[in-house]
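> Okay, structure incoming, though there's no sequence with it:
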C-alpha cells in the first residue's frame, strides 16, 4: 500500500494518518495524558521546596577523561585494570546578550543599543560568580545532569575592536568553569551565534564585522530597510507582538546572508573585496574579507582555548553554533529560498534591492504560511551601506544601478550557484572545522572539536562527514520538535515528519517518526554514521508557552526519542533570569527549565539514566515511563570481551523525585542505591560473551 501511494503525497499522508489514528485508539487511551497532567506540578514543587536539603555535593573523578574511538572514557582504575565509559546529559547555559549596559540584557529594549556597541561587557553572563554554586548545585546534584554546554561569543571576547581581547571576561569564564567542576559538571564550550550578530537580529559576532563588510551601524538602518528584523526595534503598534521564532527569518535576509557568505566563501563569491576599516587606505593590508573575518574568529577561539587549556573539566569546543550557508548555493536569487513563508517573503535579489535604498511592497506572513497583508519596506529609501561603493554585491557585478533612472538590473541571477561537484559542507565547512581543531588542539590536544552542521532544508538530519572520523572530532547537531517550537503549541495528535515530508498523526506515529528522525542522527543514512565519533545533540527542548502540563508532555516525548536512540544531549536551556513576563529575554523565546527561581517541566527533564559503566558494556535499550514510574535498562557485552571474570559496574542516576521507595530487579546481580546521591550501582556478575543483562526499577505503590 505504501509503494502504491508514492506518487501522491496527499494519499500517502491520508494512509499514514488513518493507520496511526486507528492504532492509537486501540492501544493508547487517554490514561497517559490524564495521569501525566495530574502529577505534573508535584516534582517541580518537590525540588523547589527541598533543594537545599537534598543530595550532597559531588565532584569529578580525579582520574580524568580521555577520548578514544568516539567514546569518552575515564582513566583506568589501577585496582580494576579497566576503564569506564562516561555518558553525558546536560543543559545549555545561554549568554546571548551583554550584562552591561543593563538595558541591553533584554532584546525588547533598544536604549544604548548603537551608542554602546563597542563598550559592552559579558562578565556575569550566564550568571554572576557568587550565584554560580546555587545554579550548579541544582543542575548537577538535584537534577542529575553532568554536562553544561556553556555559551560564549565572539562579541563577548572581542567587542571593542579587531584583535582587542576582553581579559576580565576570560578570567570570569575561567572561574565559572572551575566552579562547574567543583560541582561535578563537565563543560562543552559553545561559540554561540544566531543569525550572525545582535545587530542582525540575533547574537554572536561583534559590530565591527558588519562595518568591515560595508554596513552602516550608526542607526537601525538594517532593520528599517528590511535587511534584518531586530526585536529591539520591532513596531508592536503596527504589527503586534513579534511572532514566535520570527528571528529565524533573518537567516535569509541581506545582513546575515551577506555575512555568512563572506565568512565562508567570500574569496569565491566576492573576490577582491577587502575589509573596510578606519585605517587610511594605504595602511590597510591586502587580506580579503574572508581572511579578515575567519582570521579574527579563530583569534577569538584561540583566546578562549588558551584561557581554558588547564581546566580539567572542559571536554572540548564547538565550531560555531548553527552556522548558515548565507547565499551560497542559491541557484537563482530571483526566487524565495527561505524554506517557510514567515515574516516578509523576500528573494535574495529583493533583499539586495532593499539594502541599496529601494522601496518594495512585499507580502507579510504573521504566522507560518498565513498571509496577513502587503507591507511597504524601506519607505524612506535608505541604503544600509556606508556609501554606494560599500555595496559588495553591486561591486562584484551581481546587479547594477542606473545612475539616471535609479533602476536595479540583475546581471547574474546564478552568481551563488555551486560549481560542479561542490556542496557547502565539503567545500566550505570541512576546511573551517579543520581550522578550529588546529586552533584549540595547540593549547590542549585532549580537547575534542565538536563540528556542527548548517541548516539544510533538503537534509534535515545530516550525518557527520566521514573525513572527521577517528580524528579527535565529535558531532553536535541540534534537534527540536519543530512544529511545537515554531507554533508554540503542543499537539498530542499532530506533528510532521521532515524526513519523509508527511504529517505524523496520532501519538504512536509521532513517537515513531521522532525515533526514526533521531535514528538518522545516531546511525546516519543507511547506517553510514561513523562509530568513531562521539555524537551529542547540542540542543533540544520545548517552548514553555502551552497550558499547564503541555510542555511537560512535549518534553517527555522528545526525550523518549533521545533515550530510544541512546543519544547524549543537552537541553536548551537553563536561563537563571527567566521569568513569566520576559521569558528568556531574547527575541521572545521561553524555553528555560527554570523560571522565577522555580523549576518547570522537571517531571520530563529529570529522568533515570546510566552515566557511567564498564567499557566492556554497551547500552542496548532504555525506557522510562514517568506515569507508571518504571525504568528498564538493557546492556550487553561488546564483542571481544577480555575479562569475563571481572565485575562490571553500571552507575545509574535514579531521581528520588520519581522513585520515593524504589524496587529493583536484576536477576543474579547486586544492586545498591544511595538515595542521598540519587545513584544506583548495578554490579553485573557471572559475565559471558554476547550476554545481555536487564535491570528494572519501579516505585513502591502509593509511595
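Everything's here; your move. Being a predicted model, the structure only gives us computed values, none of them experimental.
> what kind of secondary structure is the residue nearest the centre of the chain in?
The chain has residue 539 as the residue nearest its centroid, 3.4 Å off, counting by Cα atoms, centre = their mean. Assigned with DSSP: H, G, I helix; E, B strand; the rest coil, residue 539 falls in the strand class.
> Would you quantify the distance from it to residue 495?
18 Å (Cβ to Cβ, to the nearest Å). (C-beta placed from N, C-alpha, C; glycine too.)
> How about residue 331?
Counting by Cβ to Cβ, the gap from residue 331 to residue 495 is 30 Å.
> okay, these two: which has more neighbours?
The neighbour count for residue 331 versus residue 495, taken as other Cβ atoms under 10 Å, is higher for residue 495 (24 against 12).
> and after the helix or strand hosting that one, which helix or strand comes next?
In this structure, residue 495 sits in strand 494-497 according to DSSP states H and E. Downstream of strand 494-497, the first helix or strand assigned by DSSP H and E is strand 502-505.
> which parts of whichever helix or strand comes after that following strand are buried?
Next along the chain after strand 502-505, taking DSSP H and E as the criterion, comes helix 507-523. Residues of helix 507-523 classed as buried: 507-522 (neighbour count, 16 or more other Cβ atoms under 10 Å).
> likewise stretch 252-269?
In stretch 252-269, counting by 16+ other Cβ under 10 Å, buried: 252-266, 268-269.
> Ok, stretch 288-297 next?
Within stretch 288-297, the residues that count as buried by 16+ other Cβ under 10 Å are 288, 289, 290, 292, 293, 294, 296, 297.
> Check what pLDDT the first one gets.
According to the per-residue confidence, residue 288 scores 96 in pLDDT.
> what's the distance between it and residue 213?
12 Å.
> and if you look at the third one?
In this view, residue 290 and residue 213 are 11 Å apart by Cβ to Cβ.
> where do the contact lists of these two overlap?
residue 262 (Cβ atoms under 8 Å, 6 or more residues apart in numbering).
> Please name the nearest non-neighbouring residue to residue 243.
residue 366 (5.8 Å; Cβ to Cβ, 6 or more residues apart in numbering).
> Next: residue 672.
That would be residue 681: by Cβ to Cβ, 6+ apart, it lies 5.0 Å from residue 672.
> Report the buried residues of the helix or strand hosting the residue nearest to residue 243.
Element membership of residue 366 [criterion: DSSP H and E] is strand 360-367. Residues 360, 362, 364, 365 are the ones in strand 360-367 that count as buried (16+ other Cβ under 10 Å).
> re the thing from before, which strands and helices lie in contact with the strand holding residue 495?
Applying 3 or more Cβ pairs under 8 Å, 6 or more residues apart in numbering; DSSP states H and E, we find strand 494-497 packed against helix 482-487, strand 502-505, helix 507-523.
> Between those, which one is closest to residue 675.
Closest approach to residue 675 among those (Cβ to Cβ): helix 507-523, 31.6 Å.
> Show the low-confidence segments of the stretch 401-550 of the chain, by residue range.
526-529, 547-549 (pLDDT under 70).
> ok, which stretches of it are strands?
Under the criterion DSSP state E, counting those that start in this stretch, strands of the stretch 401-550 of the chain are mapped to 408-410, 448-451, 473-475, 494-497, 502-505, 534-540.
> Show residues contacting stretch 231-248.
Here stretch 231-248 has contacts from 107-110, 113, 194-195, 201-202, 220, 223-224, 229, 342-343, 366-367, 485-488, 543, 545, 586-588, using Cβ under 8 Å, 6+ apart.
> now it: mean pLDDT?
On average, stretch 231-248 scores 89.
> quick revisit: could you dump the strands of the stretch 401-550 of the chain to CSV with distance to residue 311?
Shown next, in CSV, are the strands of the stretch 401-550 of the chain (distance: least, Cβ to Cβ, whole Å):
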stretch, distance to residue 311
strand 408-410, 51
strand 448-451, 14
strand 473-475, 18
strand 494-497, 40
strand 502-505, 42
strand 534-540, 18
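> Tell me which of those lies nearest to residue 66.
Closest approach to residue 66 among these (Cβ to Cβ): strand 448-451, 10.1 Å.
> mind listing what the closest one pairs with, with the direction of each?
According to DSSP bridges, strand 448-451 forms sheet pairs with strand 314-318 (parallel), strand 473-475 (parallel).
> Present those strands as TSV; the columns should include mean neighbour count and distance to residue 410.
Converted to TSV, the strands paired with strand 448-451 look like this (neighbours: other Cβ atoms under 10 Å; distance: least, Cβ to Cβ, whole Å):
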stretch	mean neighbour count	distance to residue 410
strand 314-318	25	37
strand 473-475	26	39
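> Take the ones you listed and write them to TSV, including distance to residue 379.
Shown next, in TSV, are the strands paired with strand 448-451 (distance: least, Cβ to Cβ, whole Å):
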stretch	distance to residue 379
strand 314-318	41
strand 473-475	46
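> To residue 177, which of those strands lies closest?
strand 314-318 (6.3 Å).
> Give me the next element, helix or strand, following the closest one.
Per DSSP H and E, the helix or strand that comes after strand 314-318 is strand 343-344.
> That following strand pairs with which strands?
In the sheet, strand 343-344 lines up with strand 360-367 (antiparallel) (DSSP bridges).
> buried residues in the stretch of helix or strand the residue nearest to residue 672 belongs to?
Using DSSP H and E, residue 681 sits within strand 679-684. Buried residues in strand 679-684, defined by neighbour count with 16+ other Cβ under 10 Å: 679, 680, 682, 684.
> ditto for stretch 332-345
If you call a residue buried by 16+ other Cβ under 10 Å, then stretch 332-345 has these buried ones: 333, 336, 337, 338, 340, 341, 342, 343, 344, 345.
> ok, residue 153 - contacts?
By Cβ under 8 Å, 6+ apart, the neighbours of residue 153 are 95, 96, 122, 191, 192, 193, 203, 204, 205.
> What distance do you get for the residue of the chain most remote from its centre to residue 398?
Distance from the C-alpha centroid of the chain, by Cα atoms, centre = their mean, peaks at residue 404 (48.3 Å). For residue 404, the distance to residue 398 (Cβ to Cβ) stands at 20 Å.
> Identify each buried residue in stretch 176-185, please.
176, 177, 178, 180, 181, 182, 183, 184, 185.
> Who does residue 636 form a beta bridge with?
Where residue 636 sits in a bridge, its partners, by DSSP bridges, are residue 618, residue 692.
> could you measure it against residue 622, distance?
On the measure of Cβ to Cβ, residue 636 and residue 622 end up 12 Å apart.
> neighbour-wise, which of those two wins?
Applying other Cβ under 10 Å to residue 636 and residue 622 shows that residue 622 carries more neighbours, namely 19 against 16.
> and that one, what element?
Per DSSP H and E: residue 622 is located in strand 617-625.
> Report how many residues lie close to the closest residue to residue 286 other than its chain neighbours.
Distance criterion Cβ to Cβ, 6+ apart; nearest residue to residue 286, sequence neighbours excluded, is residue 274 at 6.8 Å. A count of nearby residues for residue 274, using other Cβ under 10 Å, gives 17.
> so who does residue 673 touch?
Contact partners of residue 673, counting by Cβ under 8 Å, 6+ apart, are 654, 662, 664, 679, 680, 681.
> Phi first, then psi, for the second one.
Dihedral angles of residue 662 (phi, psi; degrees, to the nearest 10) stand at phi -70, psi 150.
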